[in-house]
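Q: Sequence first, then the predicted structure:
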Number of protein chains: 2
Amino acid sequence: MEAYRAIVSKRDTRAYKDTPVPDDVLDRVLQAGRMAGSARAAEPVRLIVVRDPDQKQRLAACGDATAHVLAAPLAIAIVLTPEFGEVGRPFTLFRGPFDGGRCAQNMMLAAWESGVTSCPASMHDAAYAAIVLGLPEGHLVLNVIAFGYPAGPDPMTGTRPRTPLGEFVHWELW
Amino acid sequence: MEAYRAIVSKRDTRAYKDTPVPDDVLDRVLQAGRMAGSARAAEPVRLIVVRDPDQKQRLAACGDATAHVLAAPLAIAIVLTPEFGEVGRPFTLFRGPFDGGRCAQNMMLAAWESGVTSCPASMHDAAYAAIVLGLPEGHLVLNVIAFGYPAGPDPMTGTRPRTPLGEFVHWELW
């Protein structure tokens, strides 16, 4: 699939078949995440692959809207290492999550090219999620992405269009 | 270009030719940014296209490492709207930048498929950048992405490999 076609056709959907994500697709997803750039090449992102049903259930208990994580055959937790906060200015608060978003999008697009859909889930109780995942001090679970082959229409995904391009884009100034 | 190939071959590079980015490529880049998903479909991201040399110069003054923004024929500022902070829990601090990273990666991949390279720049003086861009109250410049056709080897981009996959990925637990 052309990159542009993968990009504009990708939707975050939350209904999956039980079919496992094959290892060769998982490999591409992980490599896609690994190759995402990061600010100052600090590489503040690491991944934890979760397929064990009990572990998925514990993770799902850490967020308010995680039914799709439970339903998915594969979940990948995006972890920020302490590098993400090393400079004490407000913008650094955003740098790690920005790099995490780049990594997540790479993985979701690589999956989608292979017919695997996905949707992120916030870990509202990040402290408990860190315990579930056994994270070292100073590490943070940013988000968990659920992956699976799509199962019919997603009841949560409506047909609401995105903000029109004319409102989405400004020129030179707001 | 296949999506996976675009994803794994994309590097953040900072040396550009003067050649403008053609309008049809810019259109694809903007649509790619627009189609990025966001948490709860809140769409907290907007874009400002900057090509005016004076405006680029003012923006470049807002960051510590922005020579590539000055050198690039095209810069796109990623703006977060107030939606990104609407819930008062820590994770929401990260949600906007995470969605901004997804949008940025979509744009950079769409550009790269058309042979246009790119590199983000942090706006360390976000308050001044907001004035330069004329942002309304509560809006925030997350980042500026420089785009252009690559000009030779990027002196800032070394050959340092990414973290090996075996260290980058953990299984079930850290």
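A: Yep, it's here. Note that the structure is a prediction, hence the values are computed from the model and not measured. Numbering: from 1, shown residues only, chains lettered A, B, ... in the order given.

Q: for the residue in chain A that chain B sits nearest to, what are its contacts?
A: The nearest approach of chain A to chain B comes at residue A:101, 2.3 Å away (C-beta to the nearest C-beta). The way it works is simple: take the backbone N, C-alpha and C, and place the C-beta from them, glycine included. When contacts are counted by C-beta atoms under 8 Å, 6 or more residues apart in numbering or on different chains, residue A:101 is found next to B:97-105.

Q: Could you do residue A:47 as well?
A: Residue A:47 is in contact with A:30, A:33, A:76-79, A:103, B:168-170, counting by C-beta under 8 Å, 6+ apart.

Q: With neighbour count and pLDDT as new columns, can these be given to me in JSON lines?
A: Putting the contacts of residue A:47 into JSON lines (neighbours: other C-beta atoms under 10 Å in any protein chain shown; pLDDT from 0 to 100) gives the following:
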{"residue": "A:30", "neighbour count": "18", "pLDDT": "98"}
{"residue": "A:33", "neighbour count": "27", "pLDDT": "98"}
{"residue": "A:76", "neighbour count": "28", "pLDDT": "98"}
{"residue": "A:77", "neighbour count": "28", "pLDDT": "98"}
{"residue": "A:78", "neighbour count": "26", "pLDDT": "97"}
{"residue": "A:79", "neighbour count": "24", "pLDDT": "96"}
{"residue": "A:103", "neighbour count": "32", "pLDDT": "98"}
{"residue": "B:168", "neighbour count": "18", "pLDDT": "97"}
{"residue": "B:169", "neighbour count": "19", "pLDDT": "97"}
{"residue": "B:170", "neighbour count": "18", "pLDDT": "98"}
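
Q: Name the nearest of those relative to residue B:42.
A: Proximity of these to residue B:42 (C-beta to C-beta) peaks at residue A:78, which lies at 18.9 Å.

Q: Is that closest one in a helix, a strand, or coil?
A: Using DSSP: H, G, I helix; E, B strand; the rest coil, the structure places residue A:78 in strand.

Q: Hmm, it is touching residue A:141, no?
A: Yes - contact criterion C-beta atoms under 8 Å: residue A:78 and residue A:141 qualify, at 7.2 Å.

Q: Tell me where chain A is predicted with low confidence.
A: Residue ranges of chain A with pLDDT under 70: A:84-93, A:154-159.

Q: For the host helix or strand of residue A:105, buried residues please.
A: In this assignment (DSSP states H and E), residue A:105 forms part of helix A:90-113. Within helix A:90-113, the residues scored as buried using 16 or more other C-beta atoms under 10 Å in any protein chain shown are A:91-113.

Q: Stretch A:115-131 now?
A: By neighbour count with 16+ other C-beta under 10 Å, stretch A:115-131 contains the buried residues A:116-126, A:128-130.

Q: Out of the residues you listed, name the ones that lie in helices.
A: A:126, A:128-130 (DSSP state H).

Q: wait, isn't residue A:145 in contact with residue A:79?
A: No - assessed by C-beta under 8 Å, residue A:145 is found out of contact with residue A:79, at 12.0 Å.

Q: Now do the same contact list for the residue lying closest to residue A:46 once chain neighbours are set aside.
A: Leaving aside its sequence neighbours, residue A:46 sits nearest to residue A:79 (C-beta to C-beta, 6 or more residues apart in numbering or on different chains; 4.6 Å). Remark: with contacts taken as C-beta under 8 Å, 6+ apart, residue A:79 is in contact with A:45-48, A:133, A:135, A:139-142, B:174.

Q: Could you do residue A:167 as well?
A: Applying C-beta under 8 Å, 6+ apart, we find residue A:167 in contact with residue B:46.

Q: how far away is it from residue B:47?
A: Per C-beta to C-beta, to the nearest Å, residue A:167 is found 11 Å from residue B:47.

Q: List just the nearest of the contacts of residue A:101 to chain A.
A: residue B:101 (2.3 Å).

Q: Next, count neighbours for residue A:133.
A: Residue A:133: 23 surrounding residues under other C-beta atoms under 10 Å in any protein chain shown.

Q: wouldn't it be in contact with residue A:49 here?
A: No - Residue A:133 is beyond contact range of residue A:49, at 11.0 Å (criterion: C-beta under 8 Å).

Q: count of neighbours near the spatially closest residue to residue A:35 that is not a sequence neighbour?
A: Excluding the flanking residues, the one nearest residue A:35 by C-beta to C-beta, 6+ apart is residue B:8, at 4.7 Å. Counted with other C-beta under 10 Å, the neighbours of residue B:8 add up to 16.
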